[in-house]
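Trainee: Structure for this input, please:
(2 chains)
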Amino acid sequence: MILKLAWRNIWRSKRRTAITLGMIIFAVVLSTLMMSIKEGMYANMIKSTAGDFSGYAQVHLKDFWSEKTLEYAFEIDDDVVKILEEEKTVDGYLPRVEGFALAAVHNITKGSAVLGIDVEKEKAFTNLHERVVEGEYLLPDDDAILIGNGLAKYLKIGVNDTLVLIGGGYQGRSAVGKYPIKGIVKFGSPELSKQLVFMPMQAADMFYGTNGLVTSVILKTASGKKGIIAAKHLQKKLGDEYEAMDWKQLNPELVNLIETDRVEGYVFMFILYLVIAFGIFSTMLMMLAERQHEFGVLVAVGMKRAKLAVMVWGEIFILSILGSILGLICAFPVCYTFYVKPFRYGEEMAKMAEEYGIEAVIKTSLAPEIFIQQAVIVGILASIIALYPLYKLLKINAIESMRS
Amino acid sequence: MSVIETKNLSKIYDEGPIRVHAVNEVTLNIEEGEFTAVVGPSGSGKTTLLNIVGGLDRPTKGSVKVDGVELSTMNESNLIKFRLENIGFVFQSYNLIPVLTAKENTEFIMLLQGAPEKERQERVMQLLHEVGIGEQADKRPSEMSGGQQQRVAVARALASRPKFVLADEPTANLDSKSAENLLDLMLMLNKEEQVTFIFSTHDQRVIDRARRVITLEDGKIVKDEQR
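Mentor: Residues are numbered from 1 along each chain as shown, chains lettered A, B, ... in the order given. Sure, this is the predicted structure:
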């Protein structure tokens, strides 16, 4: 009966219920959209930085990542291959030789990361060929390079121009070469586009003198989460001679950036929740005032105040759950729209975003946990706010309430 | 046997420098089966007296016993339970729960008492037929006339098998035919089922039917007439 009473009371004042539901729905939609945009942006950053370039996990010789020198180049022997192929979370792997060189054209120079790549495997695993925005993709025996569009812009060069690379090679030898630019590539992360140079593995062997050795094995996994699992498993299996690192360990700056931004997001969300809470609170106060007389009568005829309080709390709780579910139903199409049709920044905003190393695209995330989390938070918030009427009703005076 | 017994009962309101004696040294006995009207001009203390007797308000001093149990020292939680078990209320403006049907409104009190389903169903339908609205059992208050609503209120008041029913101006919002019908019903319940009724009223029709009329003025009993 109490539940029936609570349910019927909800629909007794349709306008009040509509206002309360509207507030909760609005809150869920807004907070979900906010989180969806944020998480979408992070996912995009992780994918464009880690997923598309460094992979969600890598294997090197121990200490390569901290030292970053070619002295840690190694041969991918049969034992390593067997371990990699046995790991279920790894869909494939590709070798790279990663070194640094000064890229120079006339009197302009810039430090660059020069990567020797397996042209065919990169094509299959990282879709590098799809990132060519000008010129052509490499062939395995090309003695040419691809460079990032940011670097091309900085050095004021384009396809068919020649770039001089000067750096250190394997075991102290110098690495010097002159390479024609076969194509310009663009990455989601503008930071990567400003410093990357790709050359076929064969050319890199010649340039660095590595002779078939590699510095990194990029692991292809289905997601960042699987990358983390893969790194953990492989570290155990490969032993101390190697380091298996996940994308978080490979990109600590990115992780910091996301964490900092997340904290800012939480502050904003807190303010948003506060505004929402006051909205819901005011409709609850309205309800309390309107039904004061009725509450007085119920206590007068013998309803325990605790039971009355639970009934009213139940009404608000049901409303919160209902509002949260409706909010989710409304939020999904909004988030889905921005997922399939990402919003692109205007020119000015895009420049600002790129300065921060962020791709100038807003694409939402449809991760279920975002939707569930927001609905649960708003539901809990409304239930907590409902503690106020609970408190008031526990102290209600029948006579005074009936006089109101 | 006394159902209600008050001794030197007073209720004083402090309104700034003025102390208002809403009820002033009232000593009163009401026996089982009485049909009593408490009358007097507005502000004479009728409602305050009924509120104290009904355990809704506390006296400033004096004693009030219902069925031998002292109410003035009882804590709030026990008072609510006591009201539920022993006192039926009929209010001027019916005060039914708007979202419940006549049947559910009547059943509600028994539900609060924890009465079993079968007993509830039987008693509720019996009461609704007794008060003459068995046919309206599934209607909500908004679908009934004032007279019908007040009959439901009487059925609700009786549902808990109370020691007595307090009725605060029960006919004030009713047209004269509905008022007459309601009074007939209450008299019938009083005669046939020995239900004790205590009214606060201005209504001459109630006063004419009452077997005892207590007149209050400035919180004091100025006349107590048995008929």
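Trainee: Would you pull up how far whatever helix or strand residue B:123 lives in lies from the middle of the chain?
Mentor: Per DSSP states H and E: residue B:123 is located in helix B:117-130. Relative to its parent chain, helix B:117-130 has a centroid offset of 21 Å by C-alpha atoms, centre = their mean, to the nearest Å.
Trainee: Likewise for stretch A:272-279?
Mentor: That offset, for stretch A:272-279, works out to 26 Å (C-alpha atoms, centre = their mean).
Trainee: which residues are contacting it?
Mentor: Outside stretch A:272-279, the residues that touch it by C-beta atoms under 8 Å, 6 or more residues apart in numbering or on different chains are A:23, A:24, A:26, A:27, A:30, A:31, A:34, A:377, A:378, A:381, A:385. Any C-beta I mention is one placed from the backbone N, CA and C, and that applies to glycine too.
Trainee: and the least confident of the residues you listed?
Mentor: For the contacts of stretch A:272-279, the least confident position by pLDDT is residue A:378, scoring 79.
Trainee: any idea how far that residue lies from residue A:324?
Mentor: 6 Å (C-beta to C-beta, to the nearest Å).
Trainee: Between these two, tell me which one has more neighbours.
Mentor: Comparing residue A:378 with residue A:324 by other C-beta atoms under 10 Å in any protein chain shown, the one with more neighbours is residue A:378, at 29 against 26.
Trainee: where does that one fall, helix, sheet strand or coil?
Mentor: helix (DSSP: H, G, I helix; E, B strand; the rest coil).
Trainee: The most centrally placed residue in chain B: what's its closest spatial neighbour, skipping adjacent residues?
Mentor: Computing the C-alpha centroid of chain B and ranking residues by C-alpha atoms, centre = their mean puts residue B:166 first, at 1.3 Å. Excluding the flanking residues, the one nearest residue B:166 by C-beta to C-beta, 6 or more residues apart in numbering or on different chains is residue B:54, at 4.7 Å.
Trainee: Now do the contacts for the one you found.
Mentor: Taking C-beta under 8 Å, 6+ apart, we find residue B:54 in contact with A:300, B:83, B:87, B:89, B:166.
Trainee: out of those, which are inside strands?
Mentor: When DSSP state E is applied, these are split such that B:87, B:89, B:166 fall in strands.
Trainee: Give the pairing partners of the helix or strand residue B:28 falls within; include direction for each.
Mentor: For residue B:28, the host element (DSSP H and E) is strand B:18-31. Here strand B:18-31 has these sheet partners by DSSP bridges: strand B:2-15 (antiparallel).
Trainee: Show me what counts as buried in the partner strand.
Mentor: Using 16 or more other C-beta atoms under 10 Å in any protein chain shown as the test for burial, strand B:2-15 gives B:3, B:4, B:5, B:6, B:9, B:10, B:11.
Trainee: ok, and the closest non-adjacent residue to the closest residue to chain A within chain B?
Mentor: Relative to chain A, the nearest point of chain B is residue B:84 (2.7 Å; C-beta to the nearest C-beta). Leaving out its chain neighbours, the residue that sits closest to residue B:84 by C-beta to C-beta, 6+ apart is residue A:302, at 2.7 Å.
Trainee: that's a helix at the one you found, yeah?
Mentor: No. Applying three-state DSSP, one finds residue A:302 to be coil, outside a helix.
Trainee: so it touches residue B:112, yeah?
Mentor: Yes. Between residue A:302 and residue B:112 there is a contact under C-beta atoms under 8 Å: 5.5 Å.
Trainee: Which neighbours do these two have in common?
Mentor: Both residue A:302 and residue B:112 are in contact with residue B:84, where contact means C-beta under 8 Å, 6+ apart.
Trainee: who touches both of residue A:378 and residue A:324?
Mentor: Common contact partners of residue A:378 and residue A:324 (C-beta under 8 Å, 6+ apart): A:24, A:28.
Trainee: For residue A:40, the count of nearby residues, please.
Mentor: Here the number of neighbours of residue A:40 (other C-beta under 10 Å) works out to 22.
Trainee: Equivalent analysis for residue B:125, please.
Mentor: Counted with other C-beta under 10 Å, the neighbours of residue B:125 add up to 16.
Trainee: Give the full set of residues in contact with it.
Mentor: B:103, B:134, B:137.
Trainee: Domain map for chain A?
Mentor: Following automatic domain parsing, chain A resolves into domains at A:2-49+A:254-403, A:57-220.
Trainee: Which of the ones you listed comes out lowest on mean pLDDT?
Mentor: Among these, domain A:2-49+A:254-403 carries the lowest mean pLDDT, a mean of 84.
Trainee: Write out the residues of chain B neighbouring chain A.
Mentor: By the rule C-beta under 8 Å from any C-beta of the partner chain, the part of chain B lying against chain A is B:51, B:54, B:56-57, B:76-77, B:80-81, B:83-85, B:89, B:91, B:95, B:97-100, B:104, B:107-109, B:111-113, B:156, B:160.
Trainee: Understood, closing this out.
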